[in-house]
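A.B. asks: Sequence first, predicted model second:
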Amino acid sequence: MFGHLQKMLQGAMNASPEPVDEAARLRLATAVLLLETAHADSEFSDAERTAIHAVVRARFGLDEADAAELLAAAQQARWESGDLYRFARTLNESFPLPRKLAVVELLWEIVYSDGMLEAHEDALMHKVGNLLGIRLEDLMALKRKVQGRSAS
């Protein structure tokens, strides 16, 4: 387990990863952004923790152990890096617009997983949207979409 974790972290930190590491690098970058979003309001609630775990499992088709390993690697990368921009840049450079929009929708799901939108979370979402080249109209449309689902 630790060998795979180490390999994923090295792939995330490497400026020019091998092609076989690209999928792992993108999963890690997405997971880091999910965690950063959950921590934006300085509170990582059980609802957010559960939502992130569910999103990671569903989005990447992972079992419990692999999801936990990815999130542990993402947490470590987040702490070691302290650089949200690098992870957003990884996704921006690798994903076409529809995939970036899908990531932003996942981020909004995490924001609303605890039932409320904090100012820090909203500001972070605008920053991430900008870093991913998402138009404000699209960012707000995804916000309303997720907000509507979470209200029901």
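C.D. replies: That came through, no problem. Here the structure is a predicted model, which is why all the values come from computation and not from measurement.

A.B. asks: Is residue 41 in a helix, a strand, or coil?
C.D. replies: coil (DSSP: H, G, I helix; E, B strand; the rest coil).

A.B. asks: What of the one 3 residues further on?
C.D. replies: Three-state assignment for residue 44 (three-state DSSP): coil.

A.B. asks: Around it, count how many other residues there are.
C.D. replies: 15 (other C-beta atoms under 10 Å). Where you see a C-beta, it was placed from the backbone N, CA and C, and this is true even at glycine.

A.B. asks: again with residue 106
C.D. replies: Residue 106 has 22 neighbours, counted by other C-beta under 10 Å.

A.B. asks: Distance-wise, check it relative to residue 128.
C.D. replies: 11 Å (C-beta to C-beta, to the nearest Å).

A.B. asks: for residue 64, same thing?
C.D. replies: Counting by C-beta to C-beta, the separation of residue 64 from residue 128 is 27 Å.

A.B. asks: out of those two, which sits in the busier spot?
C.D. replies: residue 128 (25 against 9).

A.B. asks: excluding its backbone neighbours, what's nearest the more buried one?
C.D. replies: residue 88 (5.9 Å; C-beta to C-beta, 6 or more residues apart in numbering).

A.B. asks: tell me what the strand or helix carrying that neighbour is packed against?
C.D. replies: Per DSSP states H and E, residue 88 falls inside helix 84-94. Secondary structure elements in contact with helix 84-94, counted by 3 or more C-beta pairs under 8 Å, 6 or more residues apart in numbering; DSSP states H and E, are helix 22-39, helix 97-112, helix 119-131.

A.B. asks: avg pLDDT for it?
C.D. replies: Average pLDDT, helix 84-94: 93.

A.B. asks: And that helix, how far out from the chain middle?
C.D. replies: Offset of helix 84-94 from its chain centre (C-alpha atoms, centre = their mean, to the nearest Å): 11 Å.

A.B. asks: Nothing else from me, thank you.
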